[in-house]
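*Asks:* 3D model of this:
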Amino acid sequence: MLMDADGAVVIPQDCVEDVLSASRAREGKEATNREKFESGVLSIDLYGLREELAPLLVET
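*Replies:* Predicted coordinates for the structure are as follows:
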């Protein structure tokens, strides 16, 4: 069991390696995304949402 100020989670022992691997992959992806945001990339572009949301955007 892991606990912090936000809550607790129980990971079955036979799943620990998979959970750890997935956690490291997510941490790496978030670090990469953070760098892109800091360089000026917008989330709408990073997540490929511009084309999907274009019909909903109001021209100013």
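
*Asks:* this structure: helices as residue ranges?
*Replies:* For the chain, helices defined by DSSP state H occupy the ranges 16-38, 43-46, 50-53.

*Asks:* can you tell me which of these is most buried?
*Replies:* Highest mean neighbour count of those: helix 43-46, a mean of 12 (counted as mean count of other CB atoms under 10 Å). (Glycine included, C-beta is placed from N, CA and C.)

*Asks:* which residues touch it?
*Replies:* 33, 36, 37, 49, 50, 53 (CB atoms under 8 Å, 6 or more residues apart in numbering).

*Asks:* can I get those in CSV with distance to residue 20 and pLDDT?
*Replies:* Output for the contacts of helix 43-46, formatted as CSV (distance: CB to CB, whole Å; pLDDT from 0 to 100):
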residue, distance to residue 20, pLDDT
33, 21, 97
36, 25, 98
37, 26, 97
49, 30, 92
50, 34, 89
53, 35, 88
